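# how would this look folded up:
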Amino acid sequence: MADVNRGRLAPTPTGLLHVGHARTFAIAAERAGGAGLVMRIEDLDRGRCREEFVEAAFDDLRWLGIEWTEGPDLGGPHAPYRQSQRTDWYLEVWRRLEQAAAIYPSPHSRRDVEAAATAPHSAEPIFPTALRPASGLGAGRERAADPGGVAWRFLVPDGRVIEFEDGIRGTVRRTAGIDFGDFVIWRRDDLAAYELAVVADDQAMQIAEVVRGEDLLTSTARQILLYEALGWKPPNWAHTPLVCDAAGERLAKRTAGLAIRDLRAAGRSPAELLTGPT
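Sure thing, here's the model as predicted:
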């Protein structure tokens with residue numbers, strides 16, 4: 001059983017560590033207390049993830065005073081801690097979902113989805129129910145032995161309200177079929193998608209509380225459905241405010257001048273970066 005506040009840090013090494021992510025990681029470390037903090041490298045994007053960014057993240061986080069108790073450079077019972085090395089585990093979870101008739105193969109591209117969507121959405125279009133297979137859904141469908149080089153989607157229960165208590169934001173609600181539709185859990189390039197990989201790893205690594213940015217609130221609702229389909233208890237959740245500029249626009253990883261490495265070089269202190277204005 002996981003310690004009550006056991007947490008994790010999960011950087012994606014596609015660039016230098018950004019001040020917004022650093023603040024989220026600092027909150028995760030604070031909330032974990034002495035319960036343990038796992039470092040996990042989310043490096044499934046083979047084309048963009050680079051080892052130099054992994055090493056830079058380790059160095060920047062330690063400069064900020066953020067330490068972890070398990071991870072790829074420390075060892076521990078949950079190795080390997082790199083998602084690129086955990087495909088066998090993700091396939092096992094995919095098989096459990098397939099046997100539970102919770103997922104189905106979906107050959108449709110993003111362009112197909114956008115063309116078939118009947119209403120505009122501010123983020124990504126809701127997967128239209130018209131693109132679900134005409135037959136072969138649910139328990140009566142013939143079982144598959146492997147993903148087979150095609151994307152797979154989770155079949156959401158339309159109209160179901162997913163409600164959870166967030167450690168920072170309070171009660172959060174999302175409605176399946178309105179706030180999000182059937183979502184990809186396995187990619188056509190034969191990699192686990194984000195939603196499946198993080199659920200599988202947080203379960204395996206016994207994470208008790210997931211701390212991440214508030215832009216992932218809808219992802220949390222999706223992931224709760226995955227936990228239910230797998231018969232697992234979800235962790236607790238805490239979603240941090242995003243770092244924004246004076247106009248209220250989100251400062252993303254690509255925003256120039258906000259990498260921890262650059263701010264260090266400019267003479268900013270750890271306390272300034274974690275608590276002060278950007």
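
# number of nearby residues for the residue nearest to Ile41 when sequence neighbours are not counted?
Among residues not flanking Ile41 along the chain, Arg82 sits closest, at 4.6 Å (CB to CB, 6 or more residues apart in numbering). Where C-beta positions appear, they are placed from N, C-alpha and C, glycine not excepted. For Arg82, the neighbour count with other CB atoms under 10 Å is 17.

# got it, and Gly76?
15.

# Backbone torsions only: list them for the residue nearest to Ile41.
As for Arg82, its main-chain torsions (degrees, to the nearest 10) stand at phi -110, psi 130.

# Check Leu155 too.
The phi/psi pair for Leu155 (degrees, to the nearest 10) is phi -80, psi 110.

# tally of neighbours for it?
Residues near Leu155, counting by other CB under 10 Å: 22.

# Give me the pLDDT value at it.
What the model reports as pLDDT for Leu155 is 97.

# elements contacting the helix or strand hosting Thr220?
Using DSSP states H and E, Thr220 sits in helix 217-230. If you count contacts as 3 or more CB pairs under 8 Å, 6 or more residues apart in numbering; DSSP states H and E, helix 217-230 packs onto helix 87-99, strand 152-154, strand 161-166, strand 170-175, helix 194-204, strand 236-240.

# so which of these comes closest to Ile41?
Across those, Ile41 has its closest neighbour in helix 194-204 (10.6 Å, CB to CB).

# average model confidence for the helix or strand just after that closest one?
Per DSSP H and E, the first helix or strand lying C-terminal to helix 194-204 is strand 209-213. Average pLDDT, strand 209-213: 97.

# Not counting residues beside it along the chain, what's closest to Ala100?
Nearest to Ala100 is Ala229, by CB to CB, 6+ apart, at 5.5 Å.

# Check Pro77 too.
Glu70 (7.5 Å).

# and what of Pro234?
Tyr227 (4.3 Å).

# Look at that neighbour and report its pLDDT.
98.

# Now do the same contact list for it.
Going by CB atoms under 8 Å, 6 or more residues apart in numbering, Tyr227 touches 199, 203, 233-234.

# Tell me the buried residues within those.
199, 203, 234 (16 or more other CB atoms under 10 Å).

# could you redo those residues as JSON lines and give each row pLDDT?
Output for the buried ones among the contacts of Tyr227, formatted as JSON lines (pLDDT from 0 to 100):
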{"residue": "Val199", "pLDDT": "98"}
{"residue": "Gln203", "pLDDT": "97"}
{"residue": "Pro234", "pLDDT": "98"}
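
# which one among these gets closest to Arg222?
Using CB to CB, those come closest to Arg222 at Val199, 9.0 Å.

# Gly76 versus that closest one, what's the distance?
20 Å (CB to CB, to the nearest Å).

# so the nearest residue to Phe25 once chain neighbours are set aside bridges to which residues?
Excluding the flanking residues, the one nearest Phe25 by CB to CB, 6+ apart is Leu9, at 5.0 Å. Beta-bridge pairing of Leu9 under DSSP bridges involves Met39.
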